[in-house]
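> fold the following for me, if possible:
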Amino acid sequence: MEQDITVKRFDPVLYRRFKAQAIQRGLTVRQAIAEAMQLWIETDQRIRSRDALQMRHAIQHMDRTRTASGTWSAVEELRRWRERRA
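Got it, this is the predicted structure:
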């Protein structure tokens, strides 16, 4: 089911440019807005997926580094650093 929406106080220059671009592509403003919304959602999901993948790689790297360092403890190192600052 479609829903009517209203956008208030929208930049008129941006709207005119958007509408002109939609017309050049043979779309109505409604179609162009729907396409833009879908693209924005898909792009955001790809960015979040990429960020999550990068985070997993970083965690794996930290785990390998932590394991290879033996008895070194980041927590203990931070505590010593704080004590020296005080």
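> count the residues that sit near residue 35.
Using other Cβ atoms under 10 Å, residue 35 has 13 neighbouring residues. Bear in mind the C-beta positions are built from the backbone N, C-alpha and C, glycine included.
> gap between it and residue 22?
9 Å (Cβ to Cβ, to the nearest Å).
> next, count neighbours for residue 18.
16.
> swap in the one 3 residues further on?
Burial measure for residue 21: 12 neighbouring residues, criterion other Cβ under 10 Å.
> chain neighbours aside, what residue packs nearest to it?
Among residues not flanking residue 21 along the chain, residue 32 sits closest, at 7.2 Å (Cβ to Cβ, 6 or more residues apart in numbering).
> past the helix ranked longest in the chain, which element shows up next along the chain?
Scanning the chain for the longest helix, with DSSP state H as the assignment, gives helix 29-68. Once the chain leaves helix 29-68, the next helix or strand it forms, by DSSP states H and E, is helix 74-85.
> got the angle for that next one vs helix 29-68?
80 degrees (axes from the mean of the first three to the mean of the last three Cα atoms, to 10 degrees).
> list the contacts of helix 74-85.
If you take Cβ atoms under 8 Å, 6 or more residues apart in numbering as the criterion, helix 74-85 is touched by residue 66.
> so for it, mean pLDDT?
Averaged across helix 74-85, pLDDT comes to 85.
> do the same with stretch 25-37
96.
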